[in-house]
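Peer 1: Below are the sequence and a predicted model for it; my questions follow.
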Amino acid sequence: MLNLFNSVKKSEQAFLFFFSLFAGILSIWDLSIDLSRDTHFLHILLEGVVVVVSLVVLVKIVSQLIDIERSEKNHLKEKVSDLEKESFLLRADIKKFKQESKNFATGISDLIDVQFKEWGLSKSEKDVALLLIKGLSLKEIATIRNTAEKTVRHQAGIVYEKAQLDGRAQLSAFFLEDILNISESE
């Protein structure tokens, strides 16, 4: 009977708990009435058995519910532990990725700077060229540099001329092609 109980769902166990509790209380109440009236011994024995069975079922249900709660708690603890381990590994991966990205960006920045020196760009031409590569409009560059848009347009023209490129698209493509070649060779 106890193995049968283990396969019962938690909601059914709760029902059995309350049913057994109710039956036990009624049996104890009836047993106390019968004892005060000098009822036949066999009847009292039968009601005593019902009380004992109710108590055994109640104890089994309570212990089973406690075991289920412990099991669920342990399962949740294991899940939390697994999630914490996964979180730790993800944080390590993110840290590694950020460092690699920083190293890569620094390398690209250094390559771009070398190329700007080869083209003989001035400091302000380098600034304008870098902002053009990043995709900012002439108006946005003028706002950032606190200069007139006409000045930025002129400096961009000088950059294209010194680099022997036809415009912004070729300037960006020049560096993008090098970046793609670097990543393909690795």
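Peer 2: Everything's here; your move.

Peer 1: Next, report how far stretch 107-126 is displaced from the centre of its chain.
Peer 2: How far stretch 107-126 lies from its chain's middle: 41 Å, per CA atoms, centre = their mean, to the nearest Å.

Peer 1: nope, stretch 15-35 is what I meant
Peer 2: Distance of stretch 15-35 from the chain centroid (CA atoms, centre = their mean) equals 51 Å.

Peer 1: after the lowest-mean-pLDDT helix or strand in the chain, next one along is what?
Peer 2: The helix or strand with the lowest mean pLDDT-type score in the chain, counting by mean pLDDT, DSSP states H and E, is helix 2-6 (a mean of 52). Toward the C-terminus, helix 2-6 is succeeded by helix 10-36 as the next helix or strand (DSSP states H and E).

Peer 1: residue with max distance from the center of this structure?
Peer 2: Distance to the chain centre peaks in the chain at D38, reaching 69.6 Å (criterion: CA atoms, centre = their mean).

Peer 1: pLDDT wise, what is that residue at?
Peer 2: pLDDT, D38: 77.

Peer 1: three-state assignment of it?
Peer 2: Put simply, D38 is coil when judged by DSSP: H, G, I helix; E, B strand; the rest coil.

Peer 1: Ramachandran angles for it?
Peer 2: Here is the backbone geometry of D38 (degrees, to the nearest 10): phi 60, psi 50.

Peer 1: who's in contact with S71?
Peer 2: With CB atoms under 8 Å, 6 or more residues apart in numbering as the criterion, no residue contacts S71. (C-beta placed from N, C-alpha, C; glycine too.)

Peer 1: For I61, see how far away it is.
Peer 2: Using CB to CB, to the nearest Å, we find S71 at a distance of 15 Å from I61.

Peer 1: cool, A105 as well?
Peer 2: Distance of A105 to I61, computed by CB to CB: 64 Å.

Peer 1: Those two: who's more crowded?
Peer 2: Taking neighbours as other CB atoms under 10 Å, A105 and I61 compare with I61 leading, 21 against 10.

Peer 1: What sits closest to the more buried one if chain neighbours are left out?
Peer 2: F17 (4.3 Å; CB to CB, 6 or more residues apart in numbering).

Peer 1: burial measure for the one you found, as a count.
Peer 2: For F17, the count of nearby residues is 17 (other CB under 10 Å).

Peer 1: likewise K96?
Peer 2: 10.

Peer 1: gap between the closest residue in space to S20 that isn't next to it in sequence and L26?
Peer 2: Distance criterion CB to CB, 6+ apart; nearest residue to S20, sequence neighbours excluded, is V57 at 4.2 Å. As for V57, its distance to L26 is 14 Å (criterion: CB to CB).

Peer 1: So if I had to pick from these two, which one is more boxed in?
Peer 2: Counted by other CB under 10 Å, V57 and L26 do not tie: V57 has more neighbours, with 20 against 14.

Peer 1: thinking that one is in contact with L21, fair?
Peer 2: No - counting by CB atoms under 8 Å, L21 is not a contact partner of V57; they are 9.1 Å apart.
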